[in-house]
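Asks: A predicted structure for the sequence below; I have some questions about it.
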2 protein chains.
Amino acid sequence: MPKTEHSHHPAFDRKLALILRYAARVFSEKGFEGASVRDISRASGVSLSGLYYYFESKQKLLYLIQLYAFSNIVRRLEERLAAVTDPVVRVRILVRNHLDYFLHHPAEMKVLSHEADELEGRFRREIAEIKKRYYSLALGIFEDLRSSGAVRRMNPRVAVLSLFGMMNWIYTWYNPKVDPSPEAIADTMAGIFLEGVANGHRPLRVSNGRANRVAHSTRREPEFAVRAAS
Amino acid sequence: MPKTEHSHHPAFDRKLALILRYAARVFSEKGFEGASVRDISRASGVSLSGLYYYFESKQKLLYLIQLYAFSNIVRRLEERLAAVTDPVVRVRILVRNHLDYFLHHPAEMKVLSHEADELEGRFRREIAEIKKRYYSLALGIFEDLRSSGAVRRMNPRVAVLSLFGMMNWIYTWYNPKVDPSPEAIADTMAGIFLEGVANGHRPLRVSNGRANRVAHSTRREPEFAVRAAS
C-alpha cells in the first residue's frame, strides 16, 4: 500500500484498502462520472462522514485506486525480476505479473483501463509518472530481448504497446466461467507476443504478401517454399 | 452507409455522415455522458432543430456511429477476403482492414472502444449482433489458419481476442506524429500475432520456464540448445 499521511496506522490502511476495493467496484459498474460517494457509502457500509475521513473527493479516490494498483504492480514486478537475467523469461514475468494482478482485480482493471482520462491536475501528473516508470521498465525488458539477439528488428514502442493492448483489453472480455485461468491466459499471451500463434508448430514465412509454408517434417532441412493456395 | 428510414435521399445520407463525424469527435473529447447535443450543434454548425431532424436522441446518434463504423468494417473485410483463400494472408487482411479504418477514424475508434457500454435496449442488441458477426468472421479466419496446419494448438477465443486487444488499445496511444503509418503498424501487429517478436530472427524455445535459444547461423542445422544465461 503506498504511503499516505496516515499510513503509520495499520488500521487506517486496512480500512482504506477496503474502501478502495468497494469504490473500484462501484466505478466499474457505474463509471466514474456516474458514481457518487453515496453509492460507495451504500456499497461499503461506511457512512458518508466516515468516507470523507479517508479521502476528500471522488478525484482523490480514483487517484488512490490507481496509485495503489500501479505501485503494487511495479513493486511486485521489480521483486520478481530481481533474480532473473534471461530476457525471454523476463518478458514472461512481465506478462504474468500484469495479468496476475488484473485478473484477480477485475474492477480495478476496468477502472484503470477505462477511467484513465478522468484524473486531473496533480493527481493526473503523479499517476502519469508511475505509469511512465512501468512503461520504461517494460520497454527496457524488450530492449534487453533485442540486444540479446533474440528478437527481430521491430519498433520497440509499437511492440511494447501492442503487448499492453493485448493484456489491457482483456477487461472487456475475460469471463472466469468460460476462460482459462490467469496463469494459462498469461502463458498464451506471452507465447503470442514472443513466438506468434504459429510458432512451436510450423514456421510461417511471408514475403510480398505471399505466404510460403515450411512443412513441419522438413523443419531441419533446407527450407523449400510451398506456393500458398490462393 | 447503412440504411435508415431516409436513406433513399443521398443528400440526407451525406449530411448525416457529416453529423456523425462531428458527433464522434465531440463524444471522443467529452465522453458520451458529458457531451450534449448542443455541443454537437456548436461543433458541426448545424442548428439544434436541424440535428433533431436527423436523429431523435443522443442514444440514436451513438448507435448510428457504431452501426456506420462496424457496417463499413465488416463490408470492406468481406470484399477484401472474397478472392483470398490463404489463411495467413486472410489474417493479414483482417488486421490491415481493422487498423486501416480505425487509424483513419481516430474519434470513432475511441468512441467505439470506450463507449461500447453506453448503448441501451434495442440499439445495444443490434450493435451486439453486428459485432458478433465481425467476431465470428475473425474467429473463422483463425480457425482456417488452424485447420491449415499453420498454427499451434491454442485457445481460439483467447487468440482472437488478444489480436483485437492489440488493435483496439491503440486508441490510447497512437500518435501520427511519432508512430509509423497505419500500414506499417498493421504489418507489425500482424507479424507479432502470426510470428511473434522473435520470429524471422532467432527462434525461441521455452520449456519449464527455461529459455533455450537456437543460434541464427545454425537454423538449418539440427537444433542445439544453448543454456540461457541466468
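Replies: Thanks, I have the structure now. Note that this is a predicted model, so its numbers are computed, not measured. Numbers count the residues shown, from 1 in each chain, chains lettered A, B, ... in the order given.

Asks: tell me the mean pLDDT for stretch A:142-157?
Replies: Average pLDDT, stretch A:142-157: 82.

Asks: ok, stretch A:41-48 next?
Replies: Mean pLDDT, stretch A:41-48: 93.

Asks: for it, C-alpha coordinates in CSV please.
Replies: Extracted in CSV, the C-alpha atoms of stretch A:41-48 (Å, rounded to 0.1, in the frame of the first residue of the first chain):
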residue,chain,number,x,y,z
SER,A,41,-21.2,4.5,1.1
ARG,A,42,-24.1,2.2,0.3
ALA,A,43,-21.8,-0.5,-1.2
SER,A,44,-19.2,-0.4,1.6
GLY,A,45,-21.5,0.1,4.6
VAL,A,46,-19.3,3.1,5.6
SER,A,47,-21.1,6.3,6.4
LEU,A,48,-20.6,9.4,4.2
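
Asks: which residues sit against that stretch?
Replies: A:15, A:18, A:19, A:22, A:23, A:25, A:26, A:37, A:38, A:40, A:50, A:51 (C-beta atoms under 8 Å, 6 or more residues apart in numbering or on different chains). To be clear about C-beta, it is placed using only N, CA and C from the backbone, and glycine gets the same treatment.

Asks: just the element for the spatially most central residue of chain A, please.
Replies: Residue closest to the average C-alpha location in chain A (C-alpha atoms, centre = their mean): residue A:98, at 4.2 Å. Secondary structure from DSSP states H and E places residue A:98 in helix A:87-103.

Asks: coming back round to it: ok, the contacts of stretch A:41-48 vs residue A:139, which is closest?
Replies: Nearest to residue A:139 among those: residue A:23, at 31.0 Å, using C-beta to C-beta.

Asks: give me the pLDDT value at that closest one.
Replies: pLDDT, read off for residue A:23, is 94.

Asks: who are the contact partners of it?
Replies: Per C-beta under 8 Å, 6+ apart, neighbours of residue A:23: A:40, A:44, A:61, A:65.

Asks: again, only using 7 Å
Replies: The neighbours of residue A:23, taking C-beta atoms under 7 Å, 6 or more residues apart in numbering or on different chains as the test, are A:40, A:61, A:65.

Asks: from chain B, how far off is the second one?
Replies: When you say that, I think you mean residue A:61. 18 Å (C-beta to the nearest C-beta, to the nearest Å).

Asks: quick check: that residue touching residue A:52?
Replies: No. Using C-beta atoms under 7 Å as the test, residue A:61 is too far from residue A:52 to be in contact (10.5 Å).

Asks: of the two, give the one with the bigger neighbour count.
Replies: The residue with more neighbours, out of residue A:61 and residue A:52, is residue A:61; 24 against 13, by other C-beta atoms under 10 Å in any protein chain shown.

Asks: tell me which element the more buried one is part of?
Replies: Using DSSP H and E, residue A:61 sits within helix A:58-81.

Asks: list the buried residues in that helix.
Replies: Within helix A:58-81, the residues scored as buried using 16 or more other C-beta atoms under 10 Å in any protein chain shown are A:58-59, A:61-70, A:72-74, A:77, A:81.

Asks: ok now that helix, how far from the chain's centre?
Replies: 11 Å (C-alpha atoms, centre = their mean, to the nearest Å).

Asks: and if you look at stretch A:131-138?
Replies: 11 Å.

Asks: what mean pLDDT does that stretch have?
Replies: Per-residue scores along stretch A:131-138 average to 94.

Asks: quickly list the domain ranges of chain A.
Replies: A:10-197, A:198-230 (automatic domain parsing).

Asks: deepest of these, which one?
Replies: Among those, domain A:10-197 has the highest mean neighbour count (mean count of other C-beta atoms under 10 Å in any protein chain shown), at a mean of 18.

Asks: which residue is the nearest non-sequential neighbour of the residue nearest to the centre of chain A?
Replies: residue A:167 (5.3 Å; C-beta to C-beta, 6 or more residues apart in numbering or on different chains).

Asks: please, which helix or strand holds that neighbour?
Replies: Short version, using DSSP H and E: residue A:167 is in helix A:156-168.

Asks: what angle do that helix and helix A:87-103 make?
Replies: 40 degrees (axes from the mean of the first three to the mean of the last three C-alpha atoms, to 10 degrees).

Asks: now helix A:156-168, how far from the centre of its chain.
Replies: Between the centre of helix A:156-168 and the centre of its chain there are 10 Å (C-alpha atoms, centre = their mean).

Asks: tabulate the CA atom coordinates of that helix in PDB.
Replies: This file holds the C-alpha atoms of helix A:156-168, laid out as PDB (Å, rounded to 0.1, in the frame of the first residue of the first chain):
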ATOM      1  CA  PRO A 156      10.100  -1.200 -29.600                       C
ATOM      2  CA  ARG A 157       7.300   1.300 -28.800                       C
ATOM      3  CA  VAL A 158       4.800  -0.400 -31.100                       C
ATOM      4  CA  ALA A 159       5.800  -3.800 -29.800                       C
ATOM      5  CA  VAL A 160       5.500  -3.000 -26.100                       C
ATOM      6  CA  LEU A 161       2.200  -1.100 -26.600                       C
ATOM      7  CA  SER A 162       0.800  -4.000 -28.600                       C
ATOM      8  CA  LEU A 163       1.700  -6.200 -25.700                       C
ATOM      9  CA  PHE A 164      -0.100  -3.900 -23.200                       C
ATOM     10  CA  GLY A 165      -3.000  -3.700 -25.600                       C
ATOM     11  CA  MET A 166      -3.400  -7.500 -25.600                       C
ATOM     12  CA  MET A 167      -3.300  -7.500 -21.800                       C
ATOM     13  CA  ASN A 168      -5.400  -4.500 -21.000                       C
END
